[in-house]
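>>> build me a structure from this.
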Amino acid sequence: MYIDILILSQILNGPKHGYEIKRNIERALGGNIAVNNNMLYPGLKRFEDGGIVRKVVVAQKGKPSRTVYHATQAAKKQLKKLIVDFPAGQAGHPKEFFTRAIFLGMLTPPERRRILAVRKVSLEKQAGLIDAVRGKPPAGRDRYFRLFMDFVGQRIKHEILWISKLENVR
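From the prediction side, this is the model:
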């Protein structure tokens, strides 16, 4: 899941407390992904239970203690495993793909090609569905619906072209 990739990548950049992880993710992605506590803390707990991170409670003078998360030796290997694990069922979700796209440089060429191919197949299926709807719009749909479908179709075609460029990056 994309949120686990983002959380773990933050901790690998240095020990952090929960709010700092959340804030850094949101800033790094220009506010395009909101991280809530129901996403963050269960992920941290899974990583802690799996030995991927360890938490340290740090006392603060005049304030409540703060829990800081540290990466273990297994964290980098786990991050790569999360990135590479990209089933076809997740390929249609932009957040899942774009999160992995951020980290393509960490992967081997075959791993990169597989992720890009899985996303491309998903986009091609989406494009086919959009084309079918544009060819026979449901009854009662107005021009805004058609304009929207045109926009979505163009966005998908543009992303397919972009993926084709990424496939050729060495």
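
>>> helices and strands around the host helix or strand of Leu116, which ones?
Here Leu116 sits within helix 109-135, counting by DSSP states H and E. Counting contacts by 3 or more Cβ pairs under 8 Å, 6 or more residues apart in numbering; DSSP states H and E, helix 109-135 is packed against helix 75-84, helix 88-91, helix 94-102, helix 143-167. (Glycine included, C-beta is placed from N, CA and C.)

>>> so which of those is nearest Ala59?
Closest to Ala59 of those is helix 75-84 (Cβ to Cβ; 24.8 Å).

>>> residues in contact with the closest one?
1, 4-5, 8-9, 11-12, 47, 50, 52-53, 100, 103, 106-107, 111, 114-115 (Cβ atoms under 8 Å, 6 or more residues apart in numbering).

>>> report the angle between that helix and helix 109-135.
30 degrees (axes from the mean of the first three to the mean of the last three Cα atoms, to 10 degrees).

>>> quick one: helix 75-84 to helix 94-102, angle?
Helix 75-84 and helix 94-102 are oriented at 130 degrees to each other (the same axes, to 10 degrees).

>>> any buried residues in stretch 95-115, and which?
Buried positions in stretch 95-115, judged by neighbour count with 16 or more other Cβ atoms under 10 Å: 96-97, 99-101, 103, 107, 111-112, 115.

>>> likewise stretch 28-47?
For stretch 28-47, a neighbour-count test (16+ other Cβ under 10 Å) marks 29, 33, 35, 39-40, 43-44, 47 as buried.

>>> now the two most distant members of the residues you listed.
Pairwise distances across these peak at 19.9 Å for Leu29 and Phe47 (criterion: Cβ to Cβ).

>>> before we move on, the earlier item: would JSON lines of the buried residues of stretch 28-47 with secondary structure, pLDDT and distance to Tyr144 be doable?
Putting the buried residues of stretch 28-47 into JSON lines (DSSP: H, G, I helix; E, B strand; the rest coil; pLDDT from 0 to 100; distance: Cβ to Cβ, whole Å) gives the following:
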{"residue": "Leu29", "secondary structure": "coil", "pLDDT": "78", "distance to Tyr144": "29"}
{"residue": "Ile33", "secondary structure": "coil", "pLDDT": "77", "distance to Tyr144": "28"}
{"residue": "Val35", "secondary structure": "coil", "pLDDT": "86", "distance to Tyr144": "33"}
{"residue": "Met39", "secondary structure": "helix", "pLDDT": "90", "distance to Tyr144": "33"}
{"residue": "Leu40", "secondary structure": "helix", "pLDDT": "93", "distance to Tyr144": "37"}
{"residue": "Gly43", "secondary structure": "helix", "pLDDT": "94", "distance to Tyr144": "39"}
{"residue": "Leu44", "secondary structure": "helix", "pLDDT": "96", "distance to Tyr144": "43"}
{"residue": "Phe47", "secondary structure": "helix", "pLDDT": "96", "distance to Tyr144": "45"}
